[in-house]
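**Student:** return atomic coordinates for the entry below.
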Amino acid sequence: MADFVQVSTATESREQAVELARSVVSGRLAAGAQIVGPVGSVFWHEGEFGTGEEWQLLLKTRADRYAELEAHLLERHPWKNPEILAVPIVAGADAYLRWVSATLAHVPEE
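**Tutor:** Numbers count the residues shown, from 1 in each chain. Take a look at the predicted model:
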């Protein structure tokens, strides 16, 4: 099942998260997206300690689509250096993973 990954990123607002999720899913770079938030965040940024709230996106895709998904997110993300992480899906319901694969097999309409 390592053929599938869950990719996460975060945005400053719900609207930004929804916009990214729509572009990724409509482009069939991910089969689905969940938006979680707001979530608390504690971080270092440009040498300064900070805290804040973010909206997290969780995207399900095939591992072979990751590079294209990452490029899409980097191009459209409002931050210069966004967190974009992928973790392998080591187990999952067969029917769900078949759905992910079938959803990504369709060519998006232009």
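**Student:** beta partners for Val7?
**Tutor:** Leu59, Ala86 (DSSP bridges).
**Student:** repeat that for Thr51.
**Tutor:** Under the criterion used (DSSP bridges), Thr51 bridges to Val42.
**Student:** ok, it - contacts?
**Tutor:** With contact taken as CB atoms under 8 Å, 6 or more residues apart in numbering, Thr51 is in contact with 40-43. Yep, even glycine has a C-beta here, placed from its N, CA and C like the rest.
**Student:** filter the residues you listed down to the buried ones, PyMOL style.
**Tutor:** Of the contacts of Thr51, the buried ones go into a single PyMOL selection, burial set by 16 or more other CB atoms under 10 Å:
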select buried, resi 41
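**Student:** any idea which of the contacts of Thr51 is closest to Ala33?
**Tutor:** Distances from Ala33 to the contacts of Thr51, taken as CB to CB, are shortest for Ser41 (19.1 Å).
**Student:** and the contacts of Thr51, which is closest to Ala105?
**Tutor:** Ser41 (35.3 Å).
**Student:** where do the helices sit along this protein?
**Tutor:** All helices of the chain, identified by DSSP state H, fall at 14-26, 66-76, 94-105.
**Student:** show me what the second one packs onto, helices and strands only.
**Tutor:** To tie it back to what came earlier, the one meant is helix 66-76. In this structure, helix 66-76 packs against strand 4-11, helix 14-26, with contacts taken as 3 or more CB pairs under 8 Å, 6 or more residues apart in numbering; DSSP states H and E.
**Student:** dump these to a markdown table, plus mean pLDDT and distance to Ile35.
**Tutor:** Shown next, in a markdown table, are the helices and strands packed on helix 66-76 (pLDDT from 0 to 100; distance: least, CB to CB, whole Å):
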| stretch | mean pLDDT | distance to Ile35 |
| --- | --- | --- |
| strand 4-11 | 98 | 9 |
| helix 14-26 | 97 | 5 |
